[in-house]
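[1] take this sequence and fold it.
(chains A, B and C)
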Amino acid sequence: MNLMTARTGGLAILAVIITVAPLGFSNSYFYDVGVNAMFNAIVCVGLNLLIGYAGQISLGHAGFFALGAYGSGILTERYGVPAIGALVLSAAVVGVLAFAVARPILKLKGHYLAMATLGIGIIIHIVLKTEAGITGGPDGMSLGNFKMLGLTIKGDQMWYWVTGFLLVLAVWLSLNLIESPVGRALRAVHGSEVGAEVVGVDTSSYKVLVFVVSAVFASVVGSLFAHKNGFITPDIASFFHSVELVTMVVLGGMASIYGALIGAVILTLLPQVLAAVEQYEAMILGAIMMGTMIFMPKGLLPSLLNSLKRRGGGK
Amino acid sequence: MSLLKVEKLSKEFGGVHAVEDLTFSVEAGHIHSIIGPNGAGKTTLFNLITGVYTPSSGRVLFQDRLVSGMKPYELAALGMSRTFQNLQIFFNMQAIENVMVGHHLHLDRRFLPSLLRLPKVTRRDRECRDYCAGLMEFVGLAKYVDADAASMPYGALKRLEIARALAAQPKMLLLDEPAAGLNATESREIDEVIKKVASTGVTVVLVEHDMKMVMGISDQITALDYGRKLAEGTPSEVRANPEVVSAYLGTHG
Amino acid sequence: MFAAFLQYLFSGLTSGAIYALAGLGFAIIYNASHVINFAQGEFIMVGGMATATMVAAGVPIYLAIPLAMVASMLVGVAMEKFAVEPARNADVVTIIIITIGASIFLRGAAQIIWDKEFHSLPAFSGETPIAVLGATLMPQSLWVFGISAVAIALLWYFFNRTMFGKAMLGTSHNRLAAQLVGVAVKKVLLASFALSALLGAVGGIVVTPITFTNYEAGIMLGLKGFSAAVLGGLGNGTGAIVGGLIVGIAEAMASGYLSSAYKDAIAFIIILFVLFFMPSGLFGKRGTDRV
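    You can find the predicted model right below:
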């Protein structure tokens, strides 16, 4: 795929879609769903760097998301820290935590890595539920609006435009990274760790780097989500949420930034679409996960692109 | 000057001595071959030298510097590069990208500038691409420059790995059975490539079963058997050594 | 003081026995296929829920139990046939997602087939606590110990004394060699899932009178069973049993002496500890990759 097309073309299309979509929104509920879809998309773009490009896995990323959310909540509500400062501080703390656990964890492979990240996510979940004094426990905690430089981001419409901008920014940053020597090294780690090592790639450090980057993405979105929602509960750190995030990435297409985006949008919209059959939601989600992995293990976007390539008579 | 010195090197796996008390050295600018029957410990030796395994005892010195126990990526920075018996190609990338990863240590690898796509990063990358295309031509893969690694034939992939190893601009290149699985024509092509590489001043250490290639190309040969050194010397010396002949040359000349 | 310790010990051994059975289930499937079955907990849940709802509907318990065991086995076999088999050669991440998807699917199905309520079973031999050195032991706990021990003994016999059991062990050590001597590897895979489901169901049934069950009961049980398996050394049966008991006792002790709020965290702290410091577990072997 020509790099130029993916970059300028893709970003342009993305920006256009985000700008034009609201023409079809008949009430603020659509904006709300749109914002949530874009929140998930940003987390997934970051998570995809870890899963799709570097070839690792994390079943605990909801934990980082939740830490960002609660970090912002606690800092703004209890200590009066301005929202932007709380967001940055939480992201920094999450980054440090991710760094601390990354090195020992990323020495593991396959299911061991999956279980270690799962363990971390669940421990975060349990701590958030238990330390009710700080977090409000299972009953959750409330937050005020996101205020920055005198501007208050309030209401679904405002959030939509802010998040849309951030999504385009996140995709731009990720594309830059992937196409750089750093990104190539990451993909090489996925291709063959020992092959990358012998040409000078410090694979451990790169895996740690991408783990921290994806954790920070999740934390930032968590903080924003907390402010937008005005209310958070420990369940945002649940194993189920982590699984949802991973499913979005693999559904849309691993090693495909736009794929991760599409997966996020589909799975965010799914519950809305399935509202009528809400009780079957879990079964359908489970079936999608199994079905995609069995029939389209590379995910939707890459599989679609492949079949288009083949129809076109090959490149 | 001995570029590489291996001193009393041993490696055991659960009681099996894959390499035992091995001592030899490689002169700069030479093509030095390691031969021996299957299971003689050749690939283990390579893995020990390139940091994939840590020795049970003994030492490896590169440019008179103790390197045993260092990680592969650290050794790459010191000027060592290698290919693998079982290809370790990055099948998830294009052929040219494989080679570009080889050039990794010479590129701008800073995180923030990469994230922000600063012009310096992109310029160096473009230069790298041209350089690597040149390397692919050097090894005879000009027509695969835009191909996906996954679509290339086995023989081409073997040469791709060599191109990748060369992109690191090594002082010493270790080739683990570069002719394995190749037919006569392809073997001759690899032979040519190796000679070309050596003529640029790179020291080549070669593990190979193809005796014709080994005898024709090497300045020095070390013969192993059961992890120990059996014989050492020029091709004619080794060829005449009765122990080597009986160990595995058999009736072939 | 000692009485309290004993109390925690009994509680820990009881849950430990269930974790041991779950861990064994993980080990059996892992040995046959190198798959970590995230739906193991759901096998436990199906056993308990099926029995409880049948009994509540009037089915006599001596009928409900075997029917529930069969139901769980069928679920295991179906999962192997339709979810795992088609993805035989996929990479680890893919298979992990598949089994997680299966567990979510099964939970969703349980929600619909039964309901979201908690269910229970009458204790098999009454609720009169037995006094032991100042602590009390519920008769049902004895059932848990006893049945687990019987199940483990039967398993041991199966794997070491029957042709098919030995074939399964052989397959786990070297699949190609097993195929070459005529072992039907596909059947082994199927059997491993059926067996794990059976084990899980037995655990689920026998513990329901104590802990109650609902459609979500499988999540924690499964994950803690995994903790047991990892602690013992993935793929090692004895390890899974020992691991299960350790996890159960550690939980009970931490809950009793430190903080009951963090009880659930113990199993995961154990997982992290093992993975960081001794990934091959207590009884596992370290392997090296050939390059």
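
[2] switch to C-alpha atoms for all contacts and neighbour counts from now on
    OK.

[3] for the residue nearest the centre of chain A, helix, strand, or coil?
    When C-alpha atoms, centre = their mean is applied to chain A, the residue found nearest the centroid is A:V43 (1.6 Å). Here A:V43 is recorded as helix under DSSP: H, G, I helix; E, B strand; the rest coil.

[4] got a list of what the spatially closest residue to C:M79 that is not a sequence neighbour touches?
    Take C:M79 and drop its neighbours on the chain: the residue closest to it by C-alpha to C-alpha, 6 or more residues apart in numbering or on different chains is C:A102, 7.3 Å away. Going by C-alpha atoms under 8 Å, 6 or more residues apart in numbering or on different chains, C:A102 touches A:286-287, A:290, C:38-39, C:79, C:83.

[5] buried sites along the strand or helix carrying C:A102?
    In this assignment (DSSP states H and E), C:A102 forms part of helix C:92-113. Using 16 or more other C-alpha atoms under 10 Å in any protein chain shown as the test for burial, helix C:92-113 gives C:92-111.

[6] and after that helix, which helix or strand comes next?
    Counting by DSSP H and E, what follows helix C:92-113 is strand C:130-132.

[7] elements contacting that next one?
    Other helices and strands packing on strand C:130-132, by 3 or more C-alpha pairs under 8 Å, 6 or more residues apart in numbering or on different chains; DSSP states H and E, are strand C:135-137.

[8] as a check, name the ranges of all strands in the stretch 1-150 of chain A.
    For the stretch 1-150 of chain A, applying DSSP state E, counting those that start in this stretch gives strands covering A:141-142, A:146-148.

[9] which one of these is the most hemmed in?
    When the strands of the stretch 1-150 of chain A are scored by mean count of other C-alpha atoms under 10 Å in any protein chain shown, the highest mean neighbour count falls to strand A:141-142 (a mean of 19).

[10] which residues sit against that strand?
    Identification of contacts with strand A:141-142 by C-alpha under 8 Å, 6+ apart yields A:73, A:135, A:230-233.

[11] returning to what we had before: as TSV, the contacts of C:A102 with pLDDT, distance to C:S148 and neighbour count would be great.
    As requested, the contacts of C:A102 are exported to TSV (pLDDT from 0 to 100; distance: C-alpha to C-alpha, whole Å; neighbours: other C-alpha atoms under 10 Å in any protein chain shown):
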residue	pLDDT	distance to C:S148	neighbour count
A:G286	88	31	25
A:A287	89	33	19
A:M290	89	32	29
C:F38	90	22	23
C:A39	92	20	27
C:M79	92	24	21
C:A83	89	29	21
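
[12] tell me which of the residues you listed is nearest to chain B?
    Proximity of the contacts of C:A102 to chain B (C-alpha to the nearest C-alpha) peaks at A:M290, which lies at 23.6 Å.

[13] quick one: low-confidence parts of chain B?
    Along chain B, segments meeting pLDDT under 70 span B:248-253.

[14] got the residues of chain A near chain C?
    Counting by C-alpha under 8 Å from any C-alpha of the partner chain, chain A comes close to chain C at A:57, A:104-105, A:108, A:110-112, A:115-116, A:119-120, A:122-123, A:126-127, A:130, A:243, A:247, A:279-290, A:293-294, A:297.

[15] C:V70: neighbour count?
    C:V70 has 17 neighbours, counted by other C-alpha atoms under 10 Å in any protein chain shown.

[16] what's near enough to touch the closest residue to it other than its chain neighbours?
    Distances taken as C-alpha to C-alpha, 6+ apart put C:L198 closest to C:V70, at 7.5 Å, once the chain neighbours are dropped. Contacts here follow C-alpha under 8 Å, 6+ apart; on that basis C:L198 touches C:43, C:69-70, C:72-73.

[17] quick one: average pLDDT of the helix or strand that contains C:L198?
    Under the criterion of DSSP H and E, C:L198 resides in helix C:185-211. Averaging pLDDT along helix C:185-211 gives 88.

[18] tell me which strands and helices whichever helix or strand comes after it is in contact with?
    Going down the chain from helix C:185-211, the next helix or strand is helix C:217-232, by DSSP H and E. For helix C:217-232, the elements it packs on are helix C:2-33, helix C:40-56, helix C:237-257, helix C:263-277, judged by 3+ C-alpha pairs under 8 Å, 6+ apart.

[19] closest to B:K11 out of those helices?
    Closest to B:K11 of these is helix C:263-277 (C-alpha to C-alpha; 24.3 Å).

[20] tell me what angle the closest one forms with helix C:237-257.
    Angle of helix C:263-277 versus helix C:237-257, following axes from the mean of the first three to the mean of the last three C-alpha atoms, to 10 degrees, is 130 degrees.

[21] from the contact counts, what lies against helix C:263-277?
    helix A:83-106, helix A:110-130, helix C:217-232, helix C:237-257.

[22] relative to B:L45, how far out is the residue of the stretch 151-253 of chain B found nearest chain C?
    Proximity to chain C, evaluated over the stretch 151-253 of chain B using C-alpha to the nearest C-alpha, is greatest for B:D176 at 10.8 Å. Distance, B:D176 to B:L45, using C-alpha to C-alpha, to the nearest Å: 10 Å.

[23] look at those two and report which has more neighbours.
    A side-by-side neighbour count of B:D176 and B:L45, using other C-alpha under 10 Å, places B:L45 first with 25 against 22.

[24] excluding its backbone neighbours, what's nearest the more buried one?
    Leaving aside its sequence neighbours, B:L45 sits nearest to B:V19 (C-alpha to C-alpha, 6+ apart; 6.8 Å).

[25] got it, and B:R82?
    Nearest residue to B:R82, sequence neighbours excluded (C-alpha to C-alpha, 6+ apart): B:L174, at 4.4 Å.

[26] which SSE is immediately downstream of the helix or strand harbouring the one you found?
    B:L174 belongs to strand B:172-176 when assigned by DSSP H and E. Using DSSP H and E, the helix or strand that follows strand B:172-176 towards the C-terminus is helix B:184-199.

[27] what packs against the helix-or-strand element of chain C with minimal mean pLDDT?
    Ranked by mean pLDDT, DSSP states H and E, the weakest helix or strand in chain C is helix C:175-180, scoring a mean of 74. Judged by 3+ C-alpha pairs under 8 Å, 6+ apart, the packing partners of helix C:175-180 are helix C:163-173, helix C:185-211.

[28] looking at chain B, which residue is nearest chain C?
    Relative to chain C, the nearest point of chain B is B:N86 (7.0 Å; C-alpha to the nearest C-alpha).

[29] and that residue, how many residues sit next to it?
    B:N86 has 13 neighbours, counted by other C-alpha under 10 Å.

[30] could I get the full set of helices for chain B?
    Secondary structure of chain B (DSSP state H): helices located at B:42-49, B:72-78, B:95-102, B:111-115, B:119-138, B:154-167, B:184-199, B:211-217, B:235-240, B:242-244.

[31] hmm, back to that, so the helix holding C:A102 versus helix C:40-56, what angle?
    Orientation note: helix C:92-113 sits at an angle of 10 degrees relative to helix C:40-56 (the same axes, to 10 degrees).

[32] what is the mean pLDDT for helix C:92-113?
    Mean pLDDT, helix C:92-113: 88.

[33] any idea of the angle that helix forms with helix A:110-130?
    Helix C:92-113 and helix A:110-130 are oriented at 50 degrees to each other (the same axes, to 10 degrees).

[34] what helices or strands is the strand or helix carrying A:G259 leaning on?
    In this structure, A:G259 is located in helix A:257-273 according to DSSP H and E. On a contact count with 3+ C-alpha pairs under 8 Å, 6+ apart, helix A:257-273 meets helix A:28-48, helix A:155-179, helix A:239-252, helix A:300-311.

[35] what lies in contact with it?
    With C-alpha under 8 Å, 6+ apart, helix A:257-273 has contacts from A:33, A:36-38, A:40-42, A:44-45, A:48, A:171, A:174-175, A:244-245, A:247-254, A:278, A:281, A:299-302.
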